[in-house]
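1. no letters, just coordinates:
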Ligand SMILES: Nc1nc2c(c(=O)[nH]1)N[C@H]1C(S)=C(S)[C@@H](COP(=O)(O)OP(=O)(O)OC[C@H]3O[C@@H](n4cnc5c(=O)[nH]c(N)nc54)[C@H](O)[C@@H]3O)O[C@H]1N2
Ligand SMILES: Nc1nc2c(c(=O)[nH]1)N[C@H]1C(S)=C(S)[C@@H](COP(=O)(O)OP(=O)(O)OC[C@H]3O[C@@H](n4cnc5c(=O)[nH]c(N)nc54)[C@H](O)[C@@H]3O)O[C@H]1N2
Ligand SMILES: [Mo]
């Protein structure tokens, strides 16, 4: 058992949602205390107290009964229903090593899928995906996934238009610059404070609320373009415009058309900094397709008054304007085009690259966006080289499992789906995050062996063949080093590992020993050695950019360190604006491509070479009577599915079900009242939820947060995971991103006895077999 040592200072931890001091009594965590330097701490972290042990905790290695008794593949359709048999680490290491060998010999490494998408936990060393990938790279490699569920459509499209997307997100103009320089902030998808609780890799200083407040106090006016009024802090006094969901591209095109028709566009900017405006303009005027993209045209599509659209265009042209575009707009049918349209609109306004104005890719999304950060380069645990070149776009997993050898298009490539026999997940929860989970469940038996590293019995663990129990961050030492926050935090081990749980690193080390690559995996370093090494390398690297981090001992004894702010406030694309010849964009023309020959050359009917409107398959414009548009956005009480079983996430449940918000008119039409248990359904599946009524969302739209632990019974989730009904299809042939937000459903009262929630109970575990 790992020895827990406590220094003469408080125990610190950091997570994607905050930094805390940990109170431990008799070897158990009894409370977390918010970090005193955080101006706006998040309650999310407190949800962990109480679930570190107990029935939802996985305490021993487990093998699914049917898999153990009948071998790989024989009973795969029993996944999610079968019992589990606990085994020793010795035995599980043998089993996993042998199965990995078998798959490699019989099918090759190209039959192993370990995209393993997911947020795992914060901490620079104990990063589950990094550990898994390093281990598999030493064993012949694996099929990976590319891009994210967050914004895949933008990751593929934006580089064709204006440059590397993640770099643009990192370079976002700061809140301080917005407050000082903008007059108008138009937020497509709002800036919901619920999202700013999160920062990938650790959070010590929540700044989103202060950023909004400072801008408001300095006179910046806000417009919230969203189906939800609550997507913007009430005290900003934001105007609320609520177009039909998934119609933003039409709205933005009409804003562009109005600018053009009223000669409000910045010709000089378009000439100097952009490529292909004439081609785009020909589309706007209808020269190319016979349909002018006027405000009247968009009014019908967006179900907004045309005058509202024209007035917004004039206002944006008349004021120093920042456009913010939520990542949610990518998670829709044709999500590529909302981003291209927003860039085109910002280009026509001509304010890109100037302080406080232009465009921002996701002020809505995470705390670090718009925070003033210096972005030093930090060391990462090396993953090695993957000998397998094959990959899939991340959200195409069910397609892959259903069509081995099948062809598909992606970003100009004609590709073939691999024939996958083994899937390994560490640090993600596909049975929460993927769309149309009933389809995913039906497709999963294509793979013979599904291995999952997890600490809690969520739906992914329950659907596994082999479960490797991992520790949480509170049961191991780690490093909270992140460029996305000013605070760098030690991550102490607060308690001993629960049960027989091991860190992902130790799990892979044990299997590596069976496969003869333990030394190559660890390089002879213990986890503590690795952390010291990563810290020292980071310290040297940041010193090169003039930033001083304390020495190891000082860092350890204080518990945290603070990075200085950047010398100047970040302004997105300011260098390009100052001198486009010296600082060209990473696009074929070096300019903003309002028309892209590259994308046009792909010849995709669903993704032309400029921002364009194509009606989504599912939206209010195609709804049959009684259908509603479901928004399944990020949860306020947790990060995705993490800690869904904890007290914070469970606190807002209505008779054990996730709250679902509906407009009173839609409720009246269905004879539903506040607090009712409702059944939300379509041809793909169903889920139960608890009804909340509110006039702060657009009629015809319902909203439910993602993240509840999937609890299927005959295709119906008993708790309220919206992915029981979402549509699993790519955004287009260009990006093949997820489209969770384009989804039509029906809602009715649940009748009959309320089924028992089983999501938070362990599966059947057979002792002594
Ligand atoms: N309908 C709908 N679906 C969506 C979205 C939406 O908007 N609507 N959003 C999508 C988006 S943007 C995202 S990013 C995804 C998020 O999807 P995920 O990132 O898969 O969701 P998480 O719940 O964060 O999953 C992380 C898992 O890692 C586990 N974990 C934590 N620490 C460790 C560790 O140290 N080791 C190991 N092995 N495991 C650990 C947690 O218990 C949890 O099960 O969901 C997507 N799904
Ligand atoms: N508390 C918390 N914060 C999180 C996360 C979490 O799980 N919990 N997840 C993090 C992750 S991984 C990500 S990727 C980011 C995601 O960041 P976002 O994508 O910005 O987050 P969402 O909440 O999905 O969407 C923001 C808002 O967009 C609105 N919206 C949805 N569809 C449309 C539309 O068609 N048009 C318009 N105009 N608005 C629309 C919704 O009302 C929604 O509230 O959030 C991060 N922050
Ligand atoms: Mo995400």
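-> Sure thing, it's come through. Predicted model, so just to flag it, every value in this text is computed and none were measured. Numbers count the residues shown, from 1 in each chain. Ligands and ions are numbered 1, 2, ... in the order given.

2. so the chain: which segments form each domain?
-> Partitioning the chain according to automatic domain parsing yields domains covering residues 62-148+392-562, 163-374+570-602, 620-749.

3. return the residues of the protein in contact with ligand 1.
-> Near ligand 1, the residues belonging to the chain are 118-121, 126, 128, 149-150, 331, 426-429, 432-433, 453-456, 458, 470, 504, 632-633, 639-642, 706, 722-723, 726, 740 when assessed by Cβ under 6 Å from any ligand atom. Heads up, the C-betas are built off the backbone N, CA and C, glycines and all.

4. which residues does residue 303 contact?
-> Applying Cβ atoms under 8 Å, 6 or more residues apart in numbering, one finds that residue 303 lies in contact with 243, 244, 247, 620.

5. mind doing that once more with 6 Å?
-> When the contact criterion is Cβ atoms under 6 Å, 6 or more residues apart in numbering, the partners of residue 303 are residue 244.

6. cool, the one 10 residues further on as well?
-> Taking Cβ under 6 Å, 6+ apart as the criterion, residue 313 is in contact with 255, 258, 259.

7. does the second one count as helix, strand or coil?
-> The reference is to residue 258. The three-state label for residue 258, taken from DSSP: H, G, I helix; E, B strand; the rest coil, comes out as helix.

8. phi and psi next, for the residue lying closest to it once chain neighbours are set aside.
-> Spatially, and ignoring its direct neighbours in sequence, residue 258 is nearest to residue 313 (3.7 Å; Cβ to Cβ, 6 or more residues apart in numbering). Phi and psi for residue 313, reported as degrees, to the nearest 10, are phi -60, psi -40.

9. over to residue 184?
-> Listed backbone geometry of residue 184 is phi -140, psi 140, with angles given as degrees, to the nearest 10.

10. that one reaches residue 321, doesn't it?
-> Yes - using Cβ atoms under 6 Å, residue 184 is in contact with residue 321, at 4.5 Å.

11. among the residues of the chain next to ligand 1, which lie within strands?
-> Within those, membership in strands is found for 426, 453, 454, as judged by DSSP state E.

12. can I get the domains of the chain in TSV with mean pLDDT and distance to residue 50?
-> Listed next are the domains of the chain as TSV, based on pLDDT from 0 to 100; distance: least, Cβ to Cβ, whole Å:
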stretch	mean pLDDT	distance to residue 50
domain 62-148+392-562	97	12
domain 163-374+570-602	98	20
domain 620-749	98	6
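
13. more crowded one of residue 184 and residue 321?
-> residue 321 (24 against 19; other Cβ atoms under 10 Å).

14. state the distance from that one to ligand 2.
-> Distance, residue 321 to ligand 2, using Cβ to the nearest ligand atom, to the nearest Å: 16 Å.

15. which residue packs closest to the residue nearest to the spatial centre of the chain, ignoring adjacent ones?
-> Taking Cα atoms, centre = their mean as the criterion, residue 150 is the residue nearest the geometric centre of the chain, at 3.8 Å. The shortest distance from residue 150 to any residue that is not its chain neighbour, by Cβ to Cβ, 6+ apart, is 5.3 Å, and that residue is residue 327.

16. check residue 491 too.
-> The shortest distance from residue 491 to any residue other than its chain neighbours is 3.9 Å, reached at residue 478 (Cβ to Cβ, 6+ apart).

17. ok so, going back, among the residues of the chain next to ligand 1, which ones are in helices?
-> Among the residues of the chain next to ligand 1, DSSP state H puts 128, 432, 433, 504 in helices.

18. hey, where'd the strands end up in the stretch 1-150 of the chain?
-> For the stretch 1-150 of the chain, applying DSSP state E, counting those that start in this stretch gives strands covering 11-15, 18-25, 28-34, 62-64, 84-86, 112-113, 144-146.

19. export these to CSV and tack on distance to residue 104 and mean neighbour count?
-> Output for the strands of the stretch 1-150 of the chain, formatted as CSV (distance: least, Cβ to Cβ, whole Å; neighbours: other Cβ atoms under 10 Å):
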stretch, distance to residue 104, mean neighbour count
strand 11-15, 36, 26
strand 18-25, 42, 20
strand 28-34, 40, 16
strand 62-64, 20, 25
strand 84-86, 25, 22
strand 112-113, 8, 26
strand 144-146, 16, 19
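
20. for stretch 705-722, buried residues please.
-> For stretch 705-722, the buried set under the neighbour-count rule, 16 or more other Cβ atoms under 10 Å, comprises 705-712, 715-722.

21. can you give me the end-to-end span of stretch 344-360?
-> Stretch 344-360 has an end-to-end distance of 13 Å (Cα to Cα, to the nearest Å).

22. what about it, distance to the chain center?
-> Centre-to-centre, stretch 344-360 and its host chain are 26 Å apart (Cα atoms, centre = their mean, to the nearest Å).
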